[in-house]
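Chemist: Provide a 3D model corresponding to the input given below.
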Amino acid sequence: MSSTAQAPQSGARGAHPDHLSHVIFIAAAAAMGGFLFGYDSSVINGAVEAIRHRYDVGSAALAQVVAIALIGSAIGAATAGRIADRIGRIRCMQIAAVLFTISAIGSALPFALWDLAFWRVVGGFAIGMASVIGPAYIAEVAPAAYRGRLGSFQQAAIVIGIAVSQLVNWGILNAAGGDQRGKLLGVEAWQVMLGVMVIPAVLYGLLSFAIPESPRFLISVGRTGRAREVLSEIESKDVDLDARIAEIESHMKREHKSSFKDLLGGTFFFKPIVWIGIGLSVFQQFVGINVAFYYSSTLWQSVGVDPTDSFLYSFTTSIINIVGTVIAMIFVDRVGRKPLAIIGSVGMVIGLALEAWAFSYDLVDGKLPATQGWVALVAAHVFVLFFALSWGVVVWVMLGEMFPNRLRAAALGVAASAQWIANWAITASFPSLADWNLSVTYIIYTAFAALSIPFVLKFVKETKGKALEEMG
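Modeler: Sure thing, here's the model as predicted:
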């Protein structure tokens, strides 16, 4: 963020809004995009085995249907910023809401596997848009004194969306007698699971009509009068609104529009700091976290757990995910980013290694032996907890802080793209790897968790308590 020292001082930096509940409502409404991000990312978990049997496909083809949404996510994330700058943040949210709705209906009523995959891409595009526009909008409307706490709404909404999707899937499965292909409302249960997302998608669209456009966008298109009205709703009455508008205008004039060319240099194409951002993104995904959210029901069923119980276990891991995220939100500014990342890596190594050990045993009557089964279940929860309280939050915080001002936007785009690509690689490869050797698959994830420790110790600098202008 560029300095605004030469602009008139508005007094907004430490001021507290007079209508805090209204500001919280605005941030929560925008974070509904994050809820849909988490919900749509995870809801496929309940349909994987039913899709496999309905269309009689192998693991490789099935993986592509699950993972293809991530291709849409990468495109949506790459284009959302430009769309939002051109037509506004609110319009961008409304487009995402429409795409989420269309995707839910199309995915619930597919004619064939190819059109299910197409609707997954449409939903993925909406996920990508929501992943960019939500945090950006909240940052632009949040008063400075509350920006960190309100900004955390997005991550909280994502993990709640994951948990709710697992709970809904579990409820639908029970209503269908424990059969993913059981009839419910005239269609198969898995179709209902994918279709239920229409409800939060429509709610997201309706909420977007109830919140104001970002003052920053309004000023950028010359609607200063409306920007003043919005600022009067979200800032303290003690803030000088004319000076606040002047601050925003001054900041926007000084902003360096970073480009891909700014990232080039150094020994290996990109500047070292860009590679560190890419490394954080890749390690975050290569520990296999999304296997826990895309395939956990399939995973538990593959080692003999009853389908209904497997959905319940998926839900409990989502609750653990929420608990870990809350822990990270409490401690990220107290303990620091690096210590939290290292603690998380150590915990993930332990959890993943125990899962690898448990899955190395042969099934007895289609199930893991009792001891190994319980170890696998507990270890899976340990892994998710340590990921959530560390890398799940810390990576996003660090990517927003670690780059110099002149590189930030472009470098963040490259790092986010690396994250979607890494996510796709893990998601697309897991079914085939699991068919080959589930234990070795988890040994691979354990190795990446272990390698993340020296990576953080050697290359990552602590950003706690530093101003963005200090990042060089």
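Chemist: what's the closest non-adjacent residue to residue 103?
Modeler: With sequence-adjacent residues excluded and distances taken as C-beta to C-beta, 6 or more residues apart in numbering, residue 103 is closest to residue 123, at 3.3 Å. For every residue, glycine as well, the C-beta is placed using N, CA and C.
Chemist: packing partners for the helix or strand where residue 154 lies?
Modeler: Secondary-structure element containing residue 154, defined by DSSP states H and E: helix 147-175. Secondary-structure packing of helix 147-175 (3 or more C-beta pairs under 8 Å, 6 or more residues apart in numbering; DSSP states H and E): helix 20-30, helix 32-43, helix 113-141, helix 189-195, helix 307-331, helix 391-401.
Chemist: Pretty sure residue 426 sits against residue 286.
Modeler: Yes. Counting by C-beta atoms under 8 Å, residue 286 is a contact partner of residue 426 at 6.5 Å.
Chemist: what's stretch 186-203 in contact with?
Modeler: Outside of stretch 186-203, the residues within contact range by C-beta atoms under 8 Å, 6 or more residues apart in numbering are 32, 35-36, 39-40, 43-44, 46-47, 50-51, 54, 97, 100-101, 103-105, 107-109, 161, 165, 168-169, 172-173, 175-176, 179-185.
Chemist: ok now it, how far from the chain's centre?
Modeler: 21 Å (C-alpha atoms, centre = their mean, to the nearest Å).
Chemist: What residues sit buried inside it?
Modeler: Buried residues in stretch 186-203, counting neighbours by 16 or more other C-beta atoms under 10 Å, are found at 188-198, 200-201.
Chemist: And for stretch 98-109?
Modeler: Within stretch 98-109, judged by 16+ other C-beta under 10 Å, the buried ones are 98, 99, 100, 101, 102, 103, 104, 106, 107, 108.
Chemist: Quick check: the second one vs residue 240, distance?
Modeler: Pointing back at residue 99 there. When distance is defined by C-beta to C-beta, to the nearest Å, residue 99 is 40 Å away from residue 240.
Chemist: Kindly report the same for the first one.
Modeler: When distances are taken as C-beta to C-beta, residue 98 and residue 240 turn out to be 39 Å apart.
Chemist: which stretches of the stretch 151-300 of the chain have low pLDDT?
Modeler: 236, 254-260, 262, 266-267 (pLDDT under 70).
Chemist: Distance of residue 199 relative to residue 192?
Modeler: Counting by C-beta to C-beta - residue 199 and residue 192 are separated by 12 Å.
Chemist: same question but for residue 330, I mixed them up
Modeler: The gap separating residue 330 from residue 192 is 37 Å, by C-beta to C-beta.
Chemist: what do you get for residue 320?
Modeler: Relative to residue 192, residue 320 is positioned 26 Å away (C-beta to C-beta).
Chemist: picking that back up, right, so of the helices and strands packed on helix 147-175, which gets closest to residue 77?
Modeler: The minimum distance between residue 77 and those falls on helix 113-141, with 3.7 Å, by C-beta to C-beta.
Chemist: Also compute the angle for that closest one relative to helix 391-401, please.
Modeler: In terms of direction (axes from the mean of the first three to the mean of the last three C-alpha atoms, to 10 degrees), helix 113-141 departs from helix 391-401 by 60 degrees.
Chemist: Any idea how far helix 113-141 is from the middle of the chain?
Modeler: Taking the mean C-alpha point of helix 113-141 and that of its whole chain, the gap between them comes to 10 Å (C-alpha atoms, centre = their mean).
Chemist: For that helix, which residues meet the burial criterion?
Modeler: 113, 116-141.
Chemist: can you pull the contacts of residue 437?
Modeler: By C-beta under 8 Å, 6+ apart, the contact list for residue 437 is empty.
Chemist: what inclination does the strand or helix carrying it have with respect to helix 113-141?
Modeler: Secondary-structure assignment from DSSP H and E places residue 437 in helix 408-459. Between the axes of helix 408-459 and helix 113-141, defined by the same axes, to 10 degrees, the angle is 90 degrees.
Chemist: now helix 408-459: mean pLDDT?
Modeler: Averaged across helix 408-459, the pLDDT comes to 88.
Chemist: With stretch 123-140 instead?
Modeler: On average, stretch 123-140 scores 86.
Chemist: Over to stretch 463-472?
Modeler: 56.
Chemist: cool, and stretch 19-28?
Modeler: Per-residue confidence for stretch 19-28 averages out to 86 on the pLDDT scale.
Chemist: what's the answer for stretch 338-349, then?
Modeler: Stretch 338-349 carries an average pLDDT of 96.
Chemist: Might you calculate how far it sits from the centre of the chain?
Modeler: Average the C-alpha atoms of stretch 338-349, do the same for its chain, and the two points are 19 Å apart (C-alpha atoms, centre = their mean).
Chemist: Export it to PDB, keeping only CA atoms.
Modeler: Taking only C-alpha atoms (Å, rounded to 0.1, in the frame of the first residue of the first chain), the coordinates of stretch 338-349 have been written out as PDB:
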ATOM      1  CA  LYS A 338       7.000 -18.500  10.700                       C
ATOM      2  CA  PRO A 339       6.600 -20.200  14.100                       C
ATOM      3  CA  LEU A 340       3.000 -21.100  13.300                       C
ATOM      4  CA  ALA A 341       4.000 -22.500   9.900                       C
ATOM      5  CA  ILE A 342       6.700 -24.700  11.400                       C
ATOM      6  CA  ILE A 343       4.500 -25.900  14.200                       C
ATOM      7  CA  GLY A 344       1.900 -26.800  11.600                       C
ATOM      8  CA  SER A 345       4.400 -28.600   9.400                       C
ATOM      9  CA  VAL A 346       5.600 -30.800  12.400                       C
ATOM     10  CA  GLY A 347       2.100 -31.700  13.300                       C
ATOM     11  CA  MET A 348       1.200 -32.500   9.600                       C
ATOM     12  CA  VAL A 349       4.300 -34.800   9.300                       C
END
